[in-house]
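A.B. asks: return atomic coordinates for the entry below.
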Amino acid sequence: MALTEKDMAPAFSLPGTDGKTISLKDLKGKKVVLYFYPKDDTPGCTTEACNFRDGIADLEKAGAVVLGVSPDTVASHEKFRAKFSLPYALLADTDHAVAEGYGVWKEKSMYGRKYMGIERTTFIIDGNGAIAKIFPKVKVPDHHAEVCAALAALGA
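C.D. replies: Numbering: from 1, shown residues only. The predicted model follows:
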């Protein structure tokens with residue numbers, strides 16, 4: 001069953017950068033921008049991560065915590081985060097259980113080869129843990145602006 005807006009966000013607890021484990025329950029009362037991306041240090045993922053980095057002041061002003069999630073390891077995330085000075089945590093979903101819970105672990109195809117991977121998707125979770133907005137199949141260039149507009153529509 002696919003998640004829809006107004007559903008409660010699936011709980012998660014994942015290891016992240018800075019040696020911290022981050023759980024959704026620990027963020028209660030805060031808006032969370034949870035973005036799933038396929039792989040560290042690849043062109044589209046780097047552009048998306050850097051757009052969130054460059055817009056972090058707007059996101060934080062809207063009261064949001066930004067978290068990036070991919071199946072990469074914490075060590076990979078640490079390198080990616082340092083290389084691009086990302087000011088938010090990246091979470092390692094190495095068994096893709098959280099991605100599956102959010103319905104973003106999908107069959108993909110590249111050059112005729114089918115494989116399983118993350119479908120780039122962003123969720124805005126409100127302070128009560130409900131999904132306020134879902135951005136499926138994210139188009140990277142304007143995504144930060146879409147997220148900011150959705151956060152503004154949610155209000156403080």
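
A.B. asks: OK, contacts around K39?
C.D. replies: 45, 70-72 (C-beta atoms under 8 Å, 6 or more residues apart in numbering). For every residue, glycine as well, the C-beta is placed using N, CA and C.

A.B. asks: what is the helix or strand bottoming out on mean pLDDT in the chain packed up against?
C.D. replies: Ranked by mean pLDDT, DSSP states H and E, the weakest helix or strand in the chain is strand 105-110, scoring a mean of 86. Contacting strand 105-110 under the criterion 3 or more C-beta pairs under 8 Å, 6 or more residues apart in numbering; DSSP states H and E are the following elements: strand 113-118.

A.B. asks: tell me the angle of the helix or strand just after the strand it packs on relative to strand 105-110?
C.D. replies: Toward the C-terminal end, the helix or strand that comes next after strand 113-118 (DSSP states H and E) is strand 121-125. Here strand 121-125 points in a direction 150 degrees away from that of strand 105-110 (axes from the mean of the first three to the mean of the last three C-alpha atoms, to 10 degrees).

A.B. asks: quick check: what element follows strand 121-125 along the chain?
C.D. replies: Past strand 121-125, the next helix or strand by DSSP H and E is strand 131-135.

A.B. asks: list the buried residues for the helix or strand following that next one?
C.D. replies: Beyond strand 131-135 on the C-terminal side, the first helix or strand identified by DSSP H and E is helix 143-154. Using 16 or more other C-beta atoms under 10 Å as the test for burial, helix 143-154 gives 143-144, 147-148, 150-151.

A.B. asks: so what pairs up with K108 in the strands?
C.D. replies: Bridge pairing for K108 (DSSP bridges) gives the partners Y115.

A.B. asks: ok, of the buried residues of helix 143-154, which one's closest to D54?
C.D. replies: H144 (7.4 Å; C-beta to C-beta).

A.B. asks: what residues are up against the residue nearest to the spatial centre of the chain?
C.D. replies: The residue lying closest to the centre of the chain (C-alpha atoms, centre = their mean) is Y35, at 1.5 Å. Residues near Y35 by C-beta under 8 Å, 6+ apart: 48, 52, 66-69, 120-123, 138.

A.B. asks: check G68 too.
C.D. replies: With C-beta under 8 Å, 6+ apart, G68 has these contacts: 35, 37, 49, 52, 77, 86, 88-91.
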